[in-house]
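**Q** Next comes the sequence, and after it the predicted model I'd like to discuss.
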Amino acid sequence: MVLLDRSRSDMEQLATHDVLTGLPNRLLLQRRLDEALKRREQRAYNPELAAREGGPGRTAGPGGIAVFFLDLDRFKHVNDSLGHDIGDRLLKAVATRLRDCIGADDMLGRLGGDEFLVVTEEAFEAVDAAVLAERLLKALEAPLMVEGGHLLHAGASIGVALASDGADDARTLLRQADTALYAAKSAGRAQYRFFSREMSERAENRLSTEANLRQALSIGSFELYFQPKVRAADQALVGAEALVRWKHDGQLVQPGAFMTVAEDSGLITELGSWVLEQAIREATHWTKLLPDFHIAVNVSARQIIAPGFIERVRDCLSRSGVPADRIEIEVTESVMVDSARSLEVLWRLKRLGVRIAVDDFGTGFSSLSYLRQMPIDTLKIDRTFVQDLPRDSAIAAMILTLGARLGLEVVAEGVEREEQLAWLVAEGCPVVQGFFIAEPMPARQLEARFLHPLLMAREDEREGRSA
Ligand code: C2E
Ligand code: MG
Ligand code: MG
């Protein structure tokens, strides 16, 4: 009988605690949080009880309970580089550190992975929760000595949710804290964020956009637009940049509204493959008609390291027969310095003969050393440096000089006014792109407005010469 009791309590312990740290798990935390919420509600309706417990105002006011959702910023890195064993020891050390910095009545638990939860019933006002969040952050910023002598920096981000007057339950609070955690991470880590209504709207919006994008991919509701790139001196067509559009609810949605969701959800890989194929398919004809025409395709960081990317590029090239050097892949500076993997992919692309452009040049990264190490063909002057030409021209001039010295092609993006173009022509910028020349447009329109007139002009020229 004793044995039976013992094994029952062992089972209970197993079901409600995390084996590694011995801390309460999600199940138990949720149960205890629900109990705390119930107590709080009873006190709110029973001032006598409130007074007995700690004086009026102490417990009857709103916001007594705060939930902190913590996630370590560098756990994956530790796990990947030092192994799971060290990873486990780090988690234990974190658990101890957290225990030491919270109050005796506060709850601490591990939700799984590198996620921890702290609950306090003593956050009478938001500022109390903020103070505790600061303390938790600071505690995890300091290096941790784990068994075996490793000194590790865990670092954490925290999402905070406060129990408000409404009908709160543990699950809702946990979800809110999780949403706030996401916001803290997106804001650059090592910080805390309070949950807010807009945050949950944004989160819902993100989810529904993701679902809509998924559906759009399966039924094919994307379209490619092309923005001409022209030689600055005479505005002859030399190429086009493919820019994706989403046909949604009878409107054409710009990438700014869905690209982040496509990237975060991983849908960018599938979308990017479609863009690449479609762009090359459209451009096959153009590259045949114009010997100097190239097609530029934007590729995001996540896409470039996805398995099979190189193979896909190679497939598209061999199927279309377009020479590799007529394709230009546009990547942002961050991709250049991102990881060994993306560098390897860029070099392999280069070996295929594909051209590589640095998009939004000058906005992403403060070191220029990668320019010497990377297989780059083109710099695209970001439109923020073109915007104030000719008045404010220092950076555009510097990029033109840099490009000339390094033997790179330079394209000025976002040319909107005549005086900008005039400055660029005078300074010898070879290629320009922007609303002043033309906005992005469907393929047939590009042919009618840019390709056919150019072909006709060349034809006339030839006839003129032979006559
Ligand atoms: P980007 O590659 O720098 O593309 C240039 C953006 O500037 C385009 O916006 C274009 O419409 C806009 N633009 C062009 N000329 C002007 C101008 O004179 N003035 C102003 N104000 N804007 C101009 P869009 O099409 O909304 O694309 C935004 C960004 O989305 C692109 O920036 C690119 O980073 C990303 N993107 C677009 N299509 C794709 C794609 O197929 N794959 C990936 N991975 N990213 C894409
Ligand atoms: Mg681009
Ligand atoms: Mg750009």
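**A** Cool, got the structure. Ligands and ions are numbered 1, 2, ... in the order given.
**Q** what does the helix or strand encompassing Lys288 rub up against?
**A** Counting by DSSP states H and E, the element that carries Lys288 is helix 268-289. With C-beta atoms under 8 Å, 6 or more residues apart in numbering as the test, helix 268-289 has contacts from 213, 217, 222, 224, 226, 240, 242, 244, 259, 262, 293-295, 297-300, 302-303, 306, 312-313, 316-317, 320-323, 326-327, 443, 447, 451, 455. For every residue, glycine as well, the C-beta is placed using N, CA and C.
**Q** after that helix, next one along is what?
**A** Beyond helix 268-289 on the C-terminal side, the first helix or strand identified by DSSP H and E is strand 294-298.
**Q** So which of the contacts of helix 268-289 sit within strands?
**A** 222, 224, 226, 240, 242, 244, 294-295, 297-298, 327 (DSSP state E).
**Q** Any idea how many residues pack against Leu352?
**A** 14 (other C-beta atoms under 10 Å).
**Q** next one: Thr120
**A** Thr120: 20 neighbours (other C-beta under 10 Å).
**Q** go on, Val345?
**A** Val345: 22 neighbours (other C-beta under 10 Å).
**Q** Looking at the stretch 51-200 of the chain, what residue ends up closest to ligand 3?
**A** Ser186 (21.8 Å; C-beta to the ion).
**Q** ok, now which ones touch that residue?
**A** Contacts of Ser186 (C-beta under 8 Å, 6+ apart): none.
**Q** helix or strand right after the host helix or strand of Val131?
**A** According to DSSP H and E, Val131 maps onto helix 126-141. Moving toward the C-terminus from helix 126-141, the next helix or strand (DSSP H and E) is strand 144-146.
**Q** mind listing what that following strand pairs with, with the direction of each?
**A** Strand 144-146 has its sheet partners listed here by DSSP bridges as strand 150-152 (antiparallel).
**Q** Could you check the partner strand and say which residues are buried?
**A** Buried residues in strand 150-152, counted by 16 or more other C-beta atoms under 10 Å: Leu152.
**Q** How about stretch 282-297?
**A** 282-284, 286-287, 290, 293-297.
**Q** Format these as TSV; extra columns: distance to ligand 3 and pLDDT.
**A** Below are those laid out as TSV (distance: C-beta to the ion, whole Å; pLDDT from 0 to 100):
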residue	distance to ligand 3	pLDDT
Glu282	20	96
Ala283	19	95
Thr284	24	96
Trp286	21	96
Thr287	22	95
Leu290	23	92
Phe293	20	96
His294	16	96
Ile295	16	98
Ala296	10	98
Val297	13	98
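**Q** Check what pLDDT the closest residue to ligand 2 within the stretch 151-300 of the chain gets.
**A** Proximity of the stretch 151-300 of the chain to ligand 2 (C-beta to the ion) peaks at Asn298, 4.5 Å away. Here the pLDDT value assigned to Asn298 is 97.
**Q** Hmm, Glu241 and it touching each other?
**A** Yes - assessed by C-beta atoms under 8 Å, Asn298 is found in contact with Glu241 at 7.4 Å.
**Q** Give me the common contacts of the two.
**A** Glu330.
**Q** what residues does this structure put near ligand 1?
**A** Residues of the chain lying near ligand 1 by C-beta under 6 Å from any ligand atom: 227, 243-244, 254-256, 259, 272, 275, 298-300, 330, 359-360, 383, 414-416, 434-435, 440.
**Q** right, and the helix or strand after the helix or strand bottoming out on mean pLDDT in the chain?
**A** Counting by mean pLDDT, DSSP states H and E, the chain has its least confident helix or strand at helix 47-54, which shows a mean of 59. Following the chain from helix 47-54 toward its C-terminal end, the next helix or strand by DSSP H and E is strand 66-72.
**Q** Tell me the helices and strands packed up against that following strand.
**A** helix 84-101, strand 115-120, helix 126-141, strand 156-162, helix 170-186 (3 or more C-beta pairs under 8 Å, 6 or more residues apart in numbering; DSSP states H and E).
**Q** Kindly recompute the last result at 10 Å.
**A** helix 26-45, helix 84-101, strand 107-112, strand 115-120, helix 126-141, strand 156-162, helix 170-186, strand 192-194 (3 or more C-beta pairs under 10 Å, 6 or more residues apart in numbering; DSSP states H and E).
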